Every structure is written in structure tokens, then in C-alpha cells.
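**Student:** Here is the input, now give the coordinates:
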Amino acid sequence: MTLGLILFFILAAVAVISALGMLFSRNAVYSALCLIINFGAVAIFYLSLDAPFIAISQVTVYAGAIMVLFLFVIMLLGAEQLRVGQTLVWQQPLAIFLSIILLAEAGYLLFTQRGALAAGGTSQAGAALAATFGSPTTIGSALFNEYLLPFEVTSILLLVAMVGAIVLTKGEKK
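**Tutor:** Predicted coordinates:
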């Protein structure tokens, strides 16, 4: 066993255990903290795949900004004090059904892609793409040249959501 494979199994265990901790935690704050650990493990997976820009984005955007927002909303709404155990009748069967579909898709992709990877690896065009794939220059160029309108629409949507959250939670002055 190589060192990379050992690191992969350790990270996979951390990711799975933190995801299970997030799912089964009765406290919303502990659940959010387990999610931060999961985001960190995923960022290290990206580093092992030679995608440092995506790894740094994972840490700064998700583990940083998004999780601060989640914790702010949890504290604002008092979700850590909500009663656990009140579920709708259809939630558990739907979750089981969707989990089975996800596992079936993952198994299908695993077994159909295994032969393609073992047969030929990557082509010359794939190797050339892999050299520049995920670099900050390539991502920035694509984001601000090809996807400028969706990027701006997303920023406006996030701004409207933030203003809406402030308006909804603002108490009336007496």
C-alpha cells in the first residue's frame, strides 16, 4: 500500500464519520461543526487530485463564508433549541428511496467507468486539458469571459436574499 492510498482511506474515514456526525447530531451547532470538518476533508481530497485552486475555494467559500452564514442563521432562529423528533410521515421513505437511487447510480458509474479507465487512460487532448484544468487563470478567464452574465445574476440574487433575510428578521420599532 502506498502512502497516497493510506492517506485516501484516512481522509475517507474522516469524511464519512463527520458526515454521519452531522446527520445524527441532535444539536444544530454541532452538526454545522461536523460539516466544517467534512468540508476540510473534501478540500484535502482536492489537493490530492492536484486541484489547489478548488481546494482553497472549498475552504474559503464553504468552510468559511457559507458555514459562518449557517451558524448565523442557526443562532438567529434559535434552531439549536428546536424539538427533534417531529418529522413528516413521507420524509423517511423518500430519503431511503433517494439513497437507493444514489447508490445505484454510483455503482453504475463505478462499474461502467472502470473498463474505460483500464482500457486506455487519457488521450493526448485529455493530457493537454489536464495540464491547464483548474488553474486560476483558466477559471478566471472562463468565469469573466464566457459566464459573466450568470455570475452577475448570481451575485444579485445573493444580495437580494441577504436583504430579504435582514428585512424578515428585523423587529419593528416601537
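
**Student:** Tell me the secondary structure of Leu35, please.
**Tutor:** Recorded secondary structure, Leu35: helix (DSSP: H, G, I helix; E, B strand; the rest coil).

**Student:** how much space between it and Tyr147?
**Tutor:** 27 Å (Cβ to Cβ, to the nearest Å). C-betas here are computed from N, CA, C, even on glycine.

**Student:** same thing with Thr138?
**Tutor:** Here Thr138 is placed at a distance of 12 Å from Tyr147 (Cβ to Cβ).

**Student:** thinking again about what came up before, specify which residue of Leu35 and Tyr147 has the higher count of neighbours.
**Tutor:** Neighbours were counted for Leu35 and for Tyr147 using other Cβ atoms under 10 Å; Leu35 has more, 21 against 11.

**Student:** ok, that one to Val89 distance?
**Tutor:** 27 Å.

**Student:** Leu11 too?
**Tutor:** 37 Å.

**Student:** okay, the two: which has more neighbours?
**Tutor:** Leu11 (18 against 6).

**Student:** so that one sits right up against Ala43, yeah?
**Tutor:** No. Counting by Cβ atoms under 8 Å, Leu11 stays clear of Ala43, with 9.9 Å between them.
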